[in-house]
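Chemist: how would this look folded up:
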Amino acid sequence: MAPRRGTGEQPPVGMRRPTGEQAALNRPSVDLAGDRPAGRRTQLRQQVREARRFRLVMLAAVAVVLLAALPAIFLIRDAAGDPVFAGLDSLTLPGWARQSHVDLASGSRWCVETCRLRERTWRSVKPAADTDPVYERALTLAGWHPWHSAGCPSLAGVYSCWQRDEYVLDLWTRDAPCDLANVAPAPGTSSSAPDPNASQPIPTPTGSEPPATCTGSLVTAKVANRADPNWHR
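Modeler: Numbering: from 1, shown residues only. Below you'll find the predicted structure:
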(Lines give C-alpha, C1' and ligand atoms only; values in the text may rest on other atoms or scores of the structure.)
Protein backbone atom coordinates (compact mmCIF):
# COMPACT_ATOMS: atom_id res chain seq x y z
CA MET A 1 0.00 0.00 0.00
CA ALA A 2 1.21 3.55 -0.79
CA PRO A 3 2.38 5.53 2.22
CA ARG A 4 0.17 8.14 3.55
CA ARG A 5 1.09 11.73 2.94
CA GLY A 6 2.39 13.64 5.87
CA THR A 7 3.24 10.56 7.90
CA GLY A 8 7.01 10.86 7.16
CA GLU A 9 7.34 7.31 6.05
CA GLN A 10 9.81 6.60 3.15
CA PRO A 11 9.00 4.36 0.20
CA PRO A 12 10.80 1.08 0.01
CA VAL A 13 14.35 1.12 -1.38
CA GLY A 14 13.34 -0.48 -4.66
CA MET A 15 10.74 2.19 -5.29
CA ARG A 16 12.85 5.32 -4.49
CA ARG A 17 13.27 7.95 -7.21
CA PRO A 18 16.83 8.07 -8.67
CA THR A 19 18.90 11.10 -7.85
CA GLY A 20 20.23 13.49 -10.60
CA GLU A 21 23.59 11.74 -10.85
CA GLN A 22 21.99 8.31 -11.00
CA ALA A 23 19.48 9.51 -13.63
CA ALA A 24 22.32 10.77 -15.82
CA LEU A 25 24.08 7.44 -15.55
CA ASN A 26 20.87 5.60 -16.44
CA ARG A 27 20.24 7.62 -19.68
CA PRO A 28 21.13 5.92 -22.98
CA SER A 29 24.51 6.99 -24.29
CA VAL A 30 24.40 9.70 -27.07
CA ASP A 31 26.97 11.66 -29.12
CA LEU A 32 27.12 14.67 -26.84
CA ALA A 33 29.53 16.60 -29.11
CA GLY A 34 27.22 16.32 -32.11
CA ASP A 35 24.01 16.78 -30.14
CA ARG A 36 24.90 20.00 -28.34
CA PRO A 37 24.29 23.39 -30.06
CA ALA A 38 27.88 24.43 -29.28
CA GLY A 39 29.19 21.53 -31.35
CA ARG A 40 27.00 22.48 -34.32
CA ARG A 41 28.21 26.10 -34.16
CA THR A 42 31.81 24.91 -34.19
CA GLN A 43 31.17 22.83 -37.29
CA LEU A 44 29.47 25.76 -39.04
CA ARG A 45 32.36 28.09 -38.25
CA GLN A 46 34.83 25.56 -39.62
CA GLN A 47 32.81 25.19 -42.82
CA VAL A 48 32.65 28.98 -43.27
CA ARG A 49 36.43 29.25 -42.80
CA GLU A 50 37.02 26.52 -45.35
CA ALA A 51 34.68 28.21 -47.86
CA ARG A 52 36.48 31.55 -47.40
CA ARG A 53 39.85 29.87 -47.80
CA PHE A 54 38.67 28.17 -51.00
CA ARG A 55 37.40 31.47 -52.43
CA LEU A 56 40.70 33.20 -51.65
CA VAL A 57 42.64 30.42 -53.34
CA MET A 58 40.42 30.63 -56.42
CA LEU A 59 40.73 34.42 -56.62
CA ALA A 60 44.52 34.17 -56.32
CA ALA A 61 44.62 31.56 -59.09
CA VAL A 62 42.46 33.71 -61.39
CA ALA A 63 44.65 36.76 -60.72
CA VAL A 64 47.81 34.81 -61.55
CA VAL A 65 46.28 33.52 -64.79
CA LEU A 66 45.14 37.00 -65.85
CA LEU A 67 48.48 38.60 -65.03
CA ALA A 68 50.32 35.94 -67.03
CA ALA A 69 47.87 35.62 -69.92
CA LEU A 70 46.90 39.21 -70.70
CA PRO A 71 50.39 40.41 -71.67
CA ALA A 72 50.81 37.36 -73.87
CA ILE A 73 47.45 38.01 -75.54
CA PHE A 74 48.35 41.65 -76.20
CA LEU A 75 51.74 40.70 -77.63
CA ILE A 76 50.19 38.10 -79.93
CA ARG A 77 47.54 40.56 -81.06
CA ASP A 78 50.13 43.26 -81.73
CA ALA A 79 52.30 40.84 -83.66
CA ALA A 80 49.37 39.56 -85.72
CA GLY A 81 47.87 42.92 -86.68
CA ASP A 82 49.94 46.02 -87.50
CA PRO A 83 47.80 49.10 -86.75
CA VAL A 84 49.41 51.03 -89.62
CA PHE A 85 48.44 48.46 -92.25
CA ALA A 86 45.00 48.23 -90.64
CA GLY A 87 44.67 51.99 -91.05
CA LEU A 88 45.68 51.78 -94.71
CA ASP A 89 43.09 49.05 -95.19
CA SER A 90 40.40 51.38 -93.87
CA LEU A 91 41.13 54.26 -96.25
CA THR A 92 38.04 55.33 -98.18
CA LEU A 93 39.16 54.55 -101.74
CA PRO A 94 37.17 53.64 -104.84
CA GLY A 95 37.70 50.19 -106.29
CA TRP A 96 39.49 51.43 -109.42
CA ALA A 97 42.15 53.14 -107.26
CA ARG A 98 43.03 50.01 -105.25
CA GLN A 99 42.91 47.16 -107.73
CA SER A 100 45.67 45.28 -105.88
CA HIS A 101 48.48 46.01 -103.44
CA VAL A 102 51.75 44.67 -102.00
CA ASP A 103 52.95 45.23 -98.41
CA LEU A 104 56.54 45.36 -97.20
CA ALA A 105 57.83 45.91 -93.66
CA SER A 106 61.19 46.04 -91.93
CA GLY A 107 62.58 47.00 -88.53
CA SER A 108 61.11 46.76 -85.04
CA ARG A 109 57.71 48.09 -84.01
CA TRP A 110 59.24 49.05 -80.67
CA CYS A 111 62.24 50.80 -82.34
CA VAL A 112 64.75 48.22 -81.09
CA GLU A 113 67.92 49.04 -83.07
CA THR A 114 65.85 50.27 -86.03
CA CYS A 115 62.29 51.59 -86.11
CA ARG A 116 59.69 49.85 -88.22
CA LEU A 117 59.09 50.99 -91.78
CA ARG A 118 55.84 50.00 -93.46
CA GLU A 119 55.39 50.27 -97.19
CA ARG A 120 52.35 49.59 -99.34
CA THR A 121 52.03 49.97 -103.11
CA TRP A 122 48.60 50.02 -104.74
CA ARG A 123 47.82 49.68 -108.42
CA SER A 124 45.23 52.03 -109.91
CA VAL A 125 43.61 51.70 -113.32
CA LYS A 126 43.66 55.47 -113.88
CA PRO A 127 46.69 57.72 -114.45
CA ALA A 128 48.49 59.50 -111.64
CA ALA A 129 46.76 62.82 -112.31
CA ASP A 130 43.39 61.23 -111.51
CA THR A 131 44.60 58.89 -108.77
CA ASP A 132 46.62 61.16 -106.49
CA PRO A 133 43.72 63.52 -105.52
CA VAL A 134 41.68 60.46 -104.48
CA TYR A 135 44.43 59.26 -102.14
CA GLU A 136 45.06 62.70 -100.68
CA ARG A 137 41.35 63.06 -99.93
CA ALA A 138 41.28 59.59 -98.32
CA LEU A 139 44.26 60.44 -96.09
CA THR A 140 42.62 63.71 -95.04
CA LEU A 141 39.41 61.89 -94.10
CA ALA A 142 41.48 59.41 -92.06
CA GLY A 143 43.01 62.19 -89.95
CA TRP A 144 46.32 62.70 -91.79
CA HIS A 145 47.61 66.24 -92.31
CA PRO A 146 50.02 67.50 -95.01
CA TRP A 147 53.51 68.03 -93.64
CA HIS A 148 55.65 70.49 -95.54
CA SER A 149 58.95 69.06 -94.44
CA ALA A 150 62.28 70.20 -95.83
CA GLY A 151 63.30 66.57 -96.25
CA CYS A 152 60.25 65.59 -98.29
CA PRO A 153 61.67 64.04 -101.51
CA SER A 154 60.85 65.28 -104.99
CA LEU A 155 60.44 62.50 -107.54
CA ALA A 156 58.73 62.02 -110.88
CA GLY A 157 54.97 62.08 -110.41
CA VAL A 158 53.32 63.52 -107.32
CA TYR A 159 55.12 63.28 -103.98
CA SER A 160 53.73 64.57 -100.68
CA CYS A 161 54.47 64.12 -96.97
CA TRP A 162 51.89 63.62 -94.22
CA GLN A 163 51.74 63.30 -90.45
CA ARG A 164 49.30 61.91 -87.88
CA ASP A 165 49.94 61.29 -84.19
CA GLU A 166 53.39 59.68 -83.89
CA TYR A 167 53.51 58.58 -87.54
CA VAL A 168 54.76 60.20 -90.73
CA LEU A 169 53.84 59.13 -94.25
CA ASP A 170 55.34 59.64 -97.71
CA LEU A 171 52.83 59.36 -100.56
CA TRP A 172 54.23 58.86 -104.06
CA THR A 173 51.87 58.60 -107.04
CA ARG A 174 53.23 58.02 -110.54
CA ASP A 175 52.21 56.47 -113.82
CA ALA A 176 52.87 52.76 -113.74
CA PRO A 177 56.17 51.63 -115.34
CA CYS A 178 56.09 48.39 -117.31
CA ASP A 179 57.56 45.20 -115.83
CA LEU A 180 58.43 46.71 -112.45
CA ALA A 181 59.37 44.05 -109.91
CA ASN A 182 57.67 43.65 -106.54
CA VAL A 183 54.48 45.38 -107.69
CA ALA A 184 51.09 43.72 -107.72
CA PRO A 185 50.13 42.96 -111.34
CA ALA A 186 47.21 44.59 -112.99
CA PRO A 187 44.02 42.52 -112.67
CA GLY A 188 43.54 40.11 -115.55
CA THR A 189 47.21 39.96 -116.55
CA SER A 190 49.36 36.84 -116.45
CA SER A 191 52.56 38.41 -115.19
CA SER A 192 54.47 36.62 -112.46
CA ALA A 193 53.02 37.10 -109.01
CA PRO A 194 55.11 39.17 -106.57
CA ASP A 195 56.74 37.61 -103.58
CA PRO A 196 54.74 38.80 -100.52
CA ASN A 197 57.77 38.03 -98.30
CA ALA A 198 60.15 40.18 -100.27
CA SER A 199 62.28 42.31 -97.99
CA GLN A 200 63.48 44.92 -100.49
CA PRO A 201 61.35 48.03 -101.09
CA ILE A 202 60.20 49.05 -104.53
CA PRO A 203 63.19 50.73 -106.21
CA THR A 204 63.13 54.40 -107.00
CA PRO A 205 63.99 55.23 -110.63
CA THR A 206 67.47 56.76 -110.80
CA GLY A 207 67.99 57.15 -114.54
CA SER A 208 67.68 60.45 -116.32
CA GLU A 209 65.00 59.13 -118.65
CA PRO A 210 61.63 58.10 -117.15
CA PRO A 211 60.70 54.46 -117.72
CA ALA A 212 58.08 53.51 -120.23
CA THR A 213 54.64 53.65 -118.69
CA CYS A 214 51.80 51.19 -118.94
CA THR A 215 48.10 51.54 -118.25
CA GLY A 216 47.20 53.00 -114.87
CA SER A 217 49.37 54.24 -112.03
CA LEU A 218 51.12 53.11 -108.85
CA VAL A 219 50.71 54.66 -105.41
CA THR A 220 53.28 53.98 -102.68
CA ALA A 221 52.78 54.95 -99.04
CA LYS A 222 55.78 54.71 -96.72
CA VAL A 223 54.88 55.01 -93.02
CA ALA A 224 57.38 55.32 -90.16
CA ASN A 225 57.66 56.69 -86.66
CA ARG A 226 58.34 60.41 -86.54
CA ALA A 227 61.18 59.79 -84.09
CA ASP A 228 63.10 57.86 -86.76
CA PRO A 229 65.60 60.29 -88.33
CA ASN A 230 65.89 58.15 -91.46
CA TRP A 231 62.22 57.82 -92.25
CA HIS A 232 62.52 59.46 -95.70
CA ARG A 233 65.02 56.87 -96.89
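Chemist: make it CA atoms for all contacts and neighbour counts henceforth
Modeler: Will do.
Chemist: Do a quick rundown of the helices in this structure.
Modeler: For the chain, applying DSSP state H gives helices covering 20-26, 32-35, 37-80, 83-89, 128-141.
Chemist: any idea which of those helices scores lowest on pLDDT?
Modeler: Here the lowest mean pLDDT among the helices of the chain goes to helix 32-35, at a mean of 48.
Chemist: Counting by contacts, list what the strand ranked longest in the chain packs against.
Modeler: Longest strand of the chain, by residue count under DSSP state E: strand 213-225. Judged by 3 or more Cα pairs under 8 Å, 6 or more residues apart in numbering; DSSP states H and E, strand 213-225 is in contact with strand 117-124, helix 128-141, strand 167-177.
Chemist: so which of the ones you listed comes closest to Ser154?
Modeler: strand 167-177 (9.3 Å; Cα to Cα).
Chemist: Direction included, what does the closest one pair against?
Modeler: strand 158-164 (antiparallel), strand 213-225 (antiparallel) (DSSP bridges).
Chemist: Quick check: mean pLDDT of the longest one?
Modeler: Rounded to a whole number, the mean pLDDT of strand 213-225 is 87.
Chemist: ok, residues contacting it?
Modeler: Contact partners of strand 213-225, identified using Cα atoms under 8 Å, 6 or more residues apart in numbering, comprise 84, 115-128, 131-132, 166-178, 231.
Chemist: Got a PyMOL select line for the buried ones in those?
Modeler: Here is the PyMOL selection string for the buried members of the contacts of strand 213-225, based on 16 or more other Cα atoms under 10 Å:
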select buried, resi 115+116+117+118+119+120+121+122+123+124+125+126+127+128+131+132+167+168+169+170+171+172+173+174+175+176+177+231
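Chemist: Looking at Ala156 now. What's its pLDDT?
Modeler: If you check Ala156, the pLDDT there is 72.
Chemist: Burial check on it, number of neighbours?
Modeler: 12 (other Cα atoms under 10 Å).
Chemist: ok, it touching Pro177?
Modeler: No - between Ala156 and Pro177 there is no contact under Cα atoms under 8 Å: 11.6 Å.
Chemist: now the helices and strands packed on strand 213-225 in JSON lines, with distance to Ala150?
Modeler: As requested, the helices and strands packed on strand 213-225 are arranged in JSON lines below (distance: least, Cα to Cα, whole Å):
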{"stretch": "strand 117-124", "distance to Ala150": "20"}
{"stretch": "helix 128-141", "distance to Ala150": "19"}
{"stretch": "strand 167-177", "distance to Ala150": "13"}
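Chemist: who wins for proximity to Leu56 among those?
Modeler: strand 167-177 (45.8 Å).
Chemist: Check the model's average confidence along that closest one for me.
Modeler: pLDDT averaged over strand 167-177 gives 91.
Chemist: Give me the contacts around that strand.
Modeler: 123, 127-128, 131-132, 152, 156-163, 211-226, 231-232.
Chemist: Now do that strand against helix 128-141, angle only.
Modeler: Put simply, strand 167-177 runs at 160 degrees to helix 128-141, going by axes from the mean of the first three to the mean of the last three Cα atoms, to 10 degrees.
Chemist: can you give me the angle strand 167-177 makes with strand 117-124?
Modeler: On the basis of the same axes, to 10 degrees, strand 167-177 is oriented at 40 degrees to strand 117-124.
Chemist: All set, thanks.
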